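J.: All I have is the shape, not the residue letters:
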């Protein structure tokens, strides 16, 4: 791994997934109150899991464990992508807001994939 990486906070995948978290929290504030314990809660838990697993995996220092946690983060990212589509279909998110979230999730996914590739070398 790159010697410039000292902690998980130095990883672009972590930074972008934190941006995704912040954006998702802002946008789900406008979801219907009846969804507070439904889709809103589900999306927030899943999105927080992404940077959390990147951090936990990097903190363990072993490549095998790091890859395992990155795999969990990727699963949570897929979960978020599905929930973004659902939120747009249910009209909880506008198409524009859904596209904004989608694009940020795709950026996070590309960075996660790159990190996984670099660890497998």
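T.: Good, I have the coordinates. Note that this is a predicted model, so its numbers are computed, not measured.
J.: can you give me the offset of the host helix or strand of residue 106 from its chain's centre?
T.: For residue 106, the element it lies in under DSSP states H and E is helix 95-120. Remark: helix 95-120 is offset 8 Å from the chain centroid, using CA atoms, centre = their mean, to the nearest Å.
J.: Just the mean pLDDT for it, thanks.
T.: Throughout helix 95-120, pLDDT has a mean value of 97.
J.: Stretch 23-41 now?
T.: The average pLDDT within stretch 23-41 is 96.
J.: buried set for that stretch?
T.: For stretch 23-41, the neighbour count (16 or more other CB atoms under 10 Å) marks 23, 24, 27, 28, 31, 35, 39, 40 as buried. For glycine as for every other residue, the C-beta is placed from the backbone atoms N, C-alpha and C.
J.: what's the closest non-adjacent residue to the residue sitting nearest the centre point of the chain?
T.: Centroid-nearest residue in the chain, with CA atoms, centre = their mean: residue 50, separated by 4.0 Å. Nearest non-adjacent residue to residue 50, counting by CB to CB, 6 or more residues apart in numbering: residue 17, 4.2 Å away.
J.: which residues in the protein form helices?
T.: Secondary structure of the chain (DSSP state H): helices at 12-28, 39-60, 63-89, 95-120.
J.: Residue 6 is nearest to which of those?
T.: With CB to CB as the criterion, residue 6 lies closest to helix 39-60 of the helices of the chain, at 10.0 Å.
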